[in-house]
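> Attaching a predicted model along with its sequence, questions to come.
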Amino acid sequence: MDKDNINYDKTQLRTSTFTPYNGARKTKDYERLCINKGSVIVLKSITNEQLTQIQKGVGAFLSEGFGEIIINPQFLMQEGFAFEKEETSQPLKDTRQKITQTFSDRTVQFLANRHNKKIDTLDLAKEVAEFVKNHKKSTFAKIKPSQWGKIRSIAASNEDDFLDEIQKYISNGSKKWEEKQRKALIDTVKKHTINKRYFTKLLAMKMGGDNE
């Protein structure tokens with residue numbers, strides 16, 4: 001493959017540089033130029049042999065984890081996809097989408113799974129931030145960080161019924177929570193769909209921390 005295979009009008013590259021440290025020589029190596037994730041390279045007139053080679057990775061440092069690419073991802077194959085920013089008077093919407101297509105190439109499938117996991121993580125963090133914003137100062141103002149620490153500890157256990165254990169903890173004894181507090185927490189965790197255990201751990205950490 002050479003420069004004649006690249007459609008430069010539709011190609012968008014994001015680049016950066018870094019200088020790795022060589023521990024054996026105890027000095028820095030030469031500066032490297034990297035093509036960052038989010039870049040799009042549009043190719044034309046590609047043979048099957050060239051496509052097979054590209055699927056193995058591109059660049060000079062494959063053994064170091066560089067060069068992984070996704071070929072023709074579903075989210076770029078939509079009809080009418082615009083490569084250039086369009087002027088609009090409407091607010092920009094979140095266009096992140098999961099990749100639902102299954103790939104026979106294991107590397108491509110791995111990258112698709114990692115892409116989907118990142119979206120789940122961002123959505124989970126957004127949900128936690130929204131709960132903290134709506135409830136920390138109002139609903140749970142008097143709940144001490146140590147109690148949130150206990151909830152996080154329960155969620156981190158290997159018990160399948162960790163949510164039941166949390167409900168017992170906040171419903172009994174001297175540290176019993178008010179009804180609206182118990183309902184706000186338990187209902188929110190039950191409605192969560194990505195990963196209830198990790199969601200509860202992150203929620204407890206944020207609610208018990210100094211963040212607003």
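Received the coordinates, thanks.
> Could you use CA atoms for every contact and neighbour count after this?
Fine.
> Tell me how far the closest residue in space to Lys98 that isn't next to it in sequence lies from Phe110.
Using CA to CA, 6 or more residues apart in numbering and skipping the chain neighbours, the partner closest in space to Lys98 is Asn116 (5.3 Å). Distance from Asn116 to Phe110, counting by CA to CA, to the nearest Å: 10 Å.
> and if you look at Trp148?
Taken as CA to CA, the span from Trp148 to Phe110 is 35 Å.
> For those two, indicate the residue with more neighbours.
Trp148 (20 against 13; other CA atoms under 10 Å).
> mind checking pLDDT for that one?
At Trp148, the model reports a pLDDT of 93.
> now Thr15, which residues is it bridged with?
As for beta bridges, Thr15 partners with Ile35 under DSSP bridges.
> number of nearby residues for it?
Thr15, neighbours per other CA under 10 Å, totals 12.
> hang on, the earlier thing: tell me the secondary structure for the residue nearest to Lys98?
Following DSSP: H, G, I helix; E, B strand; the rest coil, Asn116 is assigned to helix.
> And for the one 5 residues further on?
For Thr121, the secondary structure call by three-state DSSP comes out as helix.
> residues contacting the spatially most central residue of the chain?
Residue closest to the average C-alpha location in the chain (CA atoms, centre = their mean): Lys118, at 1.9 Å. Going by CA atoms under 8 Å, 6 or more residues apart in numbering, Lys118 touches no other residue.
> Could you check how far it is from Ser39?
Lys118 is 17 Å from Ser39, where distance means CA to CA.
> swap in Lys26?
With CA to CA as the criterion, Lys26 and Ser39 are 33 Å apart.
> Correct me if wrong: Gly38 contacts Arg14.
Yes: Gly38 is within contact range of Arg14, at 7.0 Å (criterion: CA atoms under 8 Å).
> where does the chain have low pLDDT?
1-3, 63-65, 73-96, 210-212 (pLDDT under 70).
> hmm, 90 instead?
1-119, 121-122, 157-160, 172-175, 208-212 (pLDDT under 90).
> can you pull out the strands in it?
Here the chain has its strands, by DSSP state E, at 15-18, 21-22, 27-28, 32-35.
> Turn the ones you listed into CSV, columns for distance to Lys137.
Below are those laid out as CSV (distance: least, CA to CA, whole Å):
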stretch, distance to Lys137
strand 15-18, 41
strand 21-22, 46
strand 27-28, 49
strand 32-35, 44
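> Figure out which of these is closest to Leu43.
Nearest of the strands of the chain to Leu43, taken as CA to CA: strand 32-35 at 16.0 Å.
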